[in-house]
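Colleague: Here's a sequence, model it:
(chains A and B)
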Amino acid sequence: MSILVDKDTRVVVQGITGREGGFHTQQMVEYGTNIVAGVTPRKGGEWVGQVPVFDSVVKAVDATGADCSVIFVPAPFAPDAIIEAADAGIPLVVCITEGIPILEMMKVRAFLDQKNTRLIGPNCPGLLTPEGAKVGIMPGHIATPGTVGCVSRSGTLTYEVVYALTAAKMGQSTCVGIGGDPVNGTDFIDVLELFEADPDTEKIVLIGEIGGSDEERAADFIAQNLTKPVVAFIAGRTAPPGKRMGHAGAIVEGGEGSAEEKIAALNRVGVKVADHPEQIPEILSKL
Amino acid sequence: MKLHEYQSKFRFAEYGVPIPQGKLATSPDDVFRIAKEIGGPVVVKAQVLVGGRGKAGGIKLAKTPKEAQKVASGILGMDIKGLTVKKVLVDPAAEIEQEIYLGVTTDRTARKPVIIASGEGGVEIEQVAADTPEKIIRQHIDPFLGVREYQARNLALEIGLSREHWKAFARIADGLFRCYMASDASLAEINPLIVTGDDELLAIDGKMVIDDNALFRQPSLAEMRDMDDEAPAETQARQAGLSYVKLGGEIGCMVNGAGLAMATMDMTQLFGGSPANFLDIGGGAQSDKVAAALRIILADPNVNSVLFNIFGGITRCDEVARGILAALDEIPTDVPMVVRLVGTNEEEGRALLADADMTTATTLAKAAQKAVEAAKSYANAEA
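Modeller: Below you'll find the model as predicted:
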């Protein structure tokens, strides 16, 4: 069992004929993900491997019953792709694209708030339910099935943690990359709630980084609502204030968002914070 | 990307925000001419992208054109927090009855723009927020609806602005918000917005920060970038498509992914070293990008060892290895290198580097430890 995606999820790939979309579609298919359709405007009727391409998301949904979309289109067109998927009634949209302007994302969020669509990302590695489905770009071979739920704002740092878990023979229920942008679709709290309700998730790993106050709010939520043990890691202890560290989200602005503040907030509610990613399995094994 | 005061104010003016009728100058003679044109007392203001210009002596009042010319020759060329003043703004001096703060920014938690106002303008707004949070008034703005007049009225009321200024204040709040949206800004700020001796509202200082992710659709703003604001290495990195921030330590770091890059930096500190830089080569980097990154790291004289931490996903380890070899061919160095390659094509990557003089490690902890040790022995050998 898992959250959000499994082997029955019917996935449509938006931007399937692009370089990234094409490559990762192949990777997802090889992993066993049920990719039922692709969308590229003006390329309807073509095929990418065994996957039929449609001109619009509505057409793809009508023909294939897709219930999850993964977006690989470039940043200038990605907001439109998200809105198109939501408008077509798709309940789960995963946007991998990075570099979307914040103002566009605020508009997208305002629109999604009126729809029954959950957005994961943007600027995220997507979702991975080991031996179930990979929706996004996480390297599948590093994960193994199990009972640890992982949620992270970062991409490759998530891989590092999953790799360490697998090496320690601790499998994962689902790995969720929520993305590093300041305005995104799903936050830590949403995913923690899903893991808490999932009977097959026993322990949770939360991977945060400097910037914003998502981790602090997650700490409050954990104190009030979670029965399952959580171990955290926060990247950016050595980052100087006021500097942008690659992710739009990873910026320390005076007084809000430093690693120390986040670690203190998590420690206050009894969440153990690892000093480095490879320490996480050891701490988990003692909980 | 930050805009200068003059760039911000001139842009605000396009949206109906009243600003002083000032002009930009690059020489004391220019300043003399502009001051003469203005005809009364002027303020000469250094245009550099750091705070605290006033305290540093970069803002001066002058009563006559001759005096303006004289203060300008002092300000132009002066150093403010490491930046040389190359331009000054010459504004007519205004009589200040009241100072207000007015800014628009992104509220990440609410996922909406927010207008912030305070009757305590003219000073560091962070300080006001910390000492007297009740004096900071906020209104969230729906990005589709913009600033409604009642919202502007509420702000004016709460900051204690007298009623005859409410209409003018609402026009300014609306203009500032439209400017923020149209410019893809993450901050548009007037501090202070003043009530003048003639009982009018005037934006006498302004600041804007533009969302870097939006520069592709803001070409005219992208051209305004002041290269002096960033270290030359950061400009080089940006042009190569890399994300680089110079720090003070001795261990150069090259990593794929921002989160992992920060975790790698933290790790060097955990083992008793300190990072020389943040450097994210991004996803799917090819060998030329890796070579550019290594050149930037090695140009930093503080670097006593280089730590490569690559977790291949989209990025292929063999591409990274080729980039490292290419850069080393070009710039021979005796700085010790520690490499950790995991993920896509790791075998090929490791094989390529087998003949190079490099330390390898399988875990991040071991790699960081080795990089710290290598830096120490390199520093000792140098000494």
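
Colleague: what's the spatially closest residue to residue A:182 that is not a sequence neighbour in contact with, if anything?
Modeller: In space, and not counting its chain neighbours, residue A:182 is closest to residue B:108: 4.6 Å by CB to CB, 6 or more residues apart in numbering or on different chains. (Each C-beta comes from the backbone N, C-alpha and C, glycine too.) Counting by CB atoms under 8 Å, 6 or more residues apart in numbering or on different chains, residue B:108 touches A:182, A:183, A:212, A:213, A:249.

Colleague: So residue B:132 is in contact with residue B:120, correct?
Modeller: Yes. Taking contacts as CB atoms under 8 Å, residue B:132 lies within contact range of residue B:120: 7.3 Å.

Colleague: which of these two has more neighbours?
Modeller: Higher neighbour count among residue B:132 and residue B:120: residue B:120, with 19 against 11, using other CB atoms under 10 Å in any protein chain shown.

Colleague: What residues does the stretch 51-200 of chain A have near chain B?
Modeller: Neighbours of chain B within the stretch 51-200 of chain A, by CB under 8 Å from any CB of the partner chain: A:75-76, A:99-107, A:109-110, A:125, A:137-139, A:142, A:152-160, A:163, A:180, A:182-183.

Colleague: try 6 Å
Modeller: Residues of the stretch 51-200 of chain A that fall close to chain B, judged by CB under 6 Å from any CB of the partner chain: A:99, A:101-103, A:106-107, A:109, A:139, A:154-157, A:159-160, A:182-183.

Colleague: farthest-separated two in these?
Modeller: The most widely separated members of those, counting by CB to CB, are A:107 and A:160 (33.7 Å).

Colleague: more crowded one of those two?
Modeller: Under the neighbour definition other CB under 10 Å, residue A:107 and residue A:160 were set side by side, and residue A:160 has more, 31 against 18.

Colleague: residue contacts, the more buried one?
Modeller: A:277, B:260, B:311 (CB atoms under 6 Å, 6 or more residues apart in numbering or on different chains).

Colleague: So it belongs to a helix, correct?
Modeller: Yes. Membership of residue A:160 in a helix is supported by DSSP: H, G, I helix; E, B strand; the rest coil.

Colleague: who are the neighbours in contact with the closest residue to it other than its chain neighbours?
Modeller: Nearest residue to residue A:160, sequence neighbours excluded (CB to CB, 6+ apart): residue A:277, at 4.8 Å. With contact set as CB under 6 Å, 6+ apart, residue A:277 has these partners: A:160, A:161, A:164, A:233.

Colleague: wait, doesn't residue A:207 sit right on residue A:149?
Modeller: No. The pair residue A:207 / residue A:149 is not scored as a contact, 11.6 Å apart, by CB atoms under 6 Å.

Colleague: partner residues bridging the closest residue to residue B:56 other than its chain neighbours?
Modeller: Leaving aside its sequence neighbours, residue B:56 sits nearest to residue B:80 (CB to CB, 6+ apart; 4.6 Å). On the basis of DSSP bridges, residue B:80 is bridged to residue B:83.

Colleague: Just give me the neighbour total for residue B:80.
Modeller: For residue B:80, using other CB under 10 Å, the count is 19.

Colleague: in which helix or strand would I find the residue lying closest to residue B:294 once chain neighbours are set aside?
Modeller: Closest residue to residue B:294 apart from its sequence neighbours, by CB to CB, 6+ apart: residue B:327 at 3.9 Å. Using DSSP states H and E, residue B:327 sits within helix B:317-330.

Colleague: now for the next helix or strand along the chain from that helix, which elements pack on it?
Modeller: Toward the C-terminus, helix B:317-330 is succeeded by strand B:337-343 as the next helix or strand (DSSP H and E). Packed against strand B:337-343, as judged by 3 or more CB pairs under 6 Å, 6 or more residues apart in numbering or on different chains; DSSP states H and E, are the following elements: strand B:305-312, helix B:364-382.

Colleague: Tell me, domain by domain, which residues of chain B belong where.
Modeller: Domain assignment of chain B by automatic domain parsing yields the ranges B:21-92, B:96-222, B:231-382.

Colleague: if you compare these, which one is most tucked away?
Modeller: Most buried of these by mean neighbour count (mean count of other CB atoms under 10 Å in any protein chain shown) is domain B:231-382; its value is a mean of 21.

Colleague: Pretty sure residue B:145 sits in a strand.
Modeller: No. Assessed with three-state DSSP, residue B:145 is coil; it does not lie in a strand.

Colleague: for the stretch 51-200 of chain A, what spans make up the strands?
Modeller: For the stretch 51-200 of chain A, the strands defined by DSSP state E, counting those that start in this stretch cover A:51-54, A:68-71, A:92-95, A:118-120, A:126-129, A:133-136, A:145-152, A:172-177.

Colleague: What pLDDT does the model give residue 128?
Modeller: You didn't say which chain, so I picked chain A. Residue A:128 carries a pLDDT value of 97.

Colleague: um, chain B though
Modeller: 81.

Colleague: Check residue A:254 too.
Modeller: On the pLDDT scale, residue A:254 gets 46.

Colleague: now swap in residue B:134 and tell me
Modeller: Residue B:134 is given a pLDDT of 87.

Colleague: go on, residue A:241?
Modeller: Residue A:241 is assigned a pLDDT of 75 by the prediction.

Colleague: same check, this time on residue B:12
Modeller: 98.

Colleague: And it, how close does it get to chain A?
Modeller: Residue B:12 sits at a distance of 17 Å from chain A (criterion: CB to the nearest CB, to the nearest Å).

Colleague: Got phi/psi on that residue?
Modeller: Taking degrees, to the nearest 10, you get phi -60, psi -40 for the backbone angles of residue B:12.

Colleague: ok, back up a step: residues contacting the helix holding residue B:327, please?
Modeller: Contacts for helix B:317-330 (CB under 6 Å, 6+ apart): B:286-287, B:290-291, B:294-295, B:310, B:341, B:345-346, B:348-349, B:352-353.

Colleague: and chain B, which residues reach chain A?
Modeller: So chain B meets chain A at B:106, B:108, B:111, B:126, B:143, B:184, B:211, B:213-214, B:243, B:245, B:256-260, B:262-263, B:265-267, B:269-270, B:275, B:278, B:280, B:311, B:313, B:343, B:363, B:365 (CB under 6 Å from any CB).

Colleague: Give me the subset of those lying in strands.
Modeller: Among the residues of chain B next to chain A, the members falling in strands (DSSP state E) are B:106, B:243, B:245, B:278, B:280, B:311, B:343.

Colleague: Take the residues you listed and lay them out in JSON lines including distance to residue A:88 and pLDDT.
Modeller: Compiled in JSON lines, those are given as follows (distance: CB to CB, whole Å; pLDDT from 0 to 100):
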{"residue": "B:106", "distance to residue A:88": "28", "pLDDT": "89"}
{"residue": "B:243", "distance to residue A:88": "35", "pLDDT": "89"}
{"residue": "B:245", "distance to residue A:88": "41", "pLDDT": "91"}
{"residue": "B:278", "distance to residue A:88": "40", "pLDDT": "95"}
{"residue": "B:280", "distance to residue A:88": "34", "pLDDT": "93"}
{"residue": "B:311", "distance to residue A:88": "35", "pLDDT": "91"}
{"residue": "B:343", "distance to residue A:88": "35", "pLDDT": "85"}
